[in-house]
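Q: here are the coordinates; sequence isn't available:
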């Protein structure tokens, strides 16, 4: 027989005027290779069908099942109960709008973030459906792919001290997106144009360097490295503009 697991799960339905924030306790027997996604599904199917939480791919790709697990943001589908103590506390991610229980609306936040940092290739070229794709070196493509592995789960945002204090902070995920486009030879923006987007206190200068974002990233992206690189590039861009260096 497996361990007896005790789950303390946050419950609250903001659409129900009679609902108040509280935690419900559930007991479950641990099984081999059990993940939190499996445990939550079992609880919902066998004990409380009203329990709300998000999931989609079950493979750590969609980012939908992010939540606070014993005080730390992570993906439920990739977290084994065997790696946790017998008592597990689950809370919804902060910052994002609460839908109910463990379910939050990350989509609206990420859509607004991508619009704010203009997260798309800026080019004056007209797209030709018949033309061959533009080529780039494999090494550069791999560097871009490394940053493209972000699944927009929201863990880095939830763990960010600045984002928890300021709604206008774009977060490490936004700076990671900008770093990706600065590498892309198809994007025609200049350094000064990038500076206009994130060279502010809401962007690269708002980070307090607490490393929470990189510490909890389930994809282990080099978020703080990219922040440092962006600050260097933005600083060099400012110097070139000041002394009119081309």
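A: Okay, I see it. Just so it is clear, the model here is predicted, and its values are computed rather than measured. Numbering: from 1, shown residues only.
Q: Do a quick rundown of the strands in the chain.
A: Secondary structure of the chain by DSSP state E: the strands cover 4-11, 22-29, 66-69, 72-75, 87-91, 97-100, 103-105.
Q: Nearest to residue 161, out of those?
A: strand 72-75 (12.9 Å; CB to CB). From N, CA and C alone the C-beta is placed, and that goes for glycine too.
Q: Show me what counts as buried in that closest one.
A: By 16 or more other CB atoms under 10 Å, the buried positions in strand 72-75 come out as 73, 74, 75.
Q: and that strand, what does it pack onto?
A: Judged by 3 or more CB pairs under 8 Å, 6 or more residues apart in numbering; DSSP states H and E, the packing partners of strand 72-75 are strand 66-69, helix 155-158, helix 212-216.
Q: Pull up the gap between the closest residue to residue 42 other than its chain neighbours and residue 165, please.
A: Nearest non-adjacent residue to residue 42, counting by CB to CB, 6 or more residues apart in numbering: residue 28, 6.4 Å away. Computed as CB to CB, to the nearest Å, the residue 28 to residue 165 distance reads 36 Å.
Q: between those two, who's got more neighbours?
A: residue 28 (21 against 10; other CB atoms under 10 Å).
Q: Just the local confidence number for residue 226, please.
A: Here the pLDDT value assigned to residue 226 is 87.
Q: hang on, it packs against residue 146?
A: No: between residue 226 and residue 146 there is no contact under CB atoms under 8 Å: 9.7 Å.
Q: Just want to know which of the two has more residues nearby.
A: When neighbours are counted by other CB under 10 Å, residue 226 and residue 146 differ, and residue 226 comes out ahead with 23 against 16.
Q: what about residue 58, how many neighbours?
A: 17.
Q: and it, what does it touch?
A: For residue 58, the contacting residues are 37, 77, by CB atoms under 8 Å, 6 or more residues apart in numbering.
Q: Please consider this matter closed, and thank you.
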